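1. Just the structure for this:
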Amino acid sequence: MITAPRGRKADALAKGLVAAKLAACVNVVPGLVSHYAWKGSRRRDAECLLIAKTSAAKLPALTKWIEKNHPYEVPEVLAVKVDAGSGTYLKWLAGELA
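-> Now for the predicted structure:
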């Protein structure tokens, strides 16, 4: 999961991850509002949530790519382990990341 500013930058990040074969698919979920603490103050920002489907093996490269290409000083990159899913989807995912 990666938060990003709304608009073109979120789309560019999603397209870049897929083009670099670091993710097989990236969903851009609009309408996110984040409340957070940053450098001693409270913030509220409109954002998108990128849900990148990747493998554990690709996660370090994906994280490095995001850190290089993301506009935030400290971009959010969180991984959630998938224990199970549709066999046909997981096979497609592995094939796209090969």
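2. outside of stretch 18-34, which residues touch it?
-> 3, 6, 10-11, 13-15, 17, 43-54, 58, 61-62, 65, 92-93, 96-97 (Cβ atoms under 8 Å, 6 or more residues apart in numbering). Where C-beta positions appear, they are placed from N, C-alpha and C, glycine not excepted.
3. Nearest residue to residue 50 in space, please, no chain neighbours.
-> Computed as Cβ to Cβ, 6 or more residues apart in numbering, the closest residue to residue 50 that is not its neighbour in sequence is residue 2, at 4.1 Å.
4. For residue 10, see how far away the one you found is.
-> For residue 2, the distance to residue 10 (Cβ to Cβ, to the nearest Å) stands at 9 Å.
5. can you give me the helices for this structure?
-> Here the chain has its helices, by DSSP state H, at 8-19, 59-69, 87-97.
6. Now those helices in CSV, please, with extra columns for distance to residue 80, mean pLDDT and mean neighbour count.
-> Output for the helices of the chain, formatted as CSV (distance: least, Cβ to Cβ, whole Å; pLDDT from 0 to 100; neighbours: other Cβ atoms under 10 Å):
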stretch, distance to residue 80, mean pLDDT, mean neighbour count
helix 8-19, 16, 97, 16
helix 59-69, 11, 98, 14
helix 87-97, 14, 96, 12
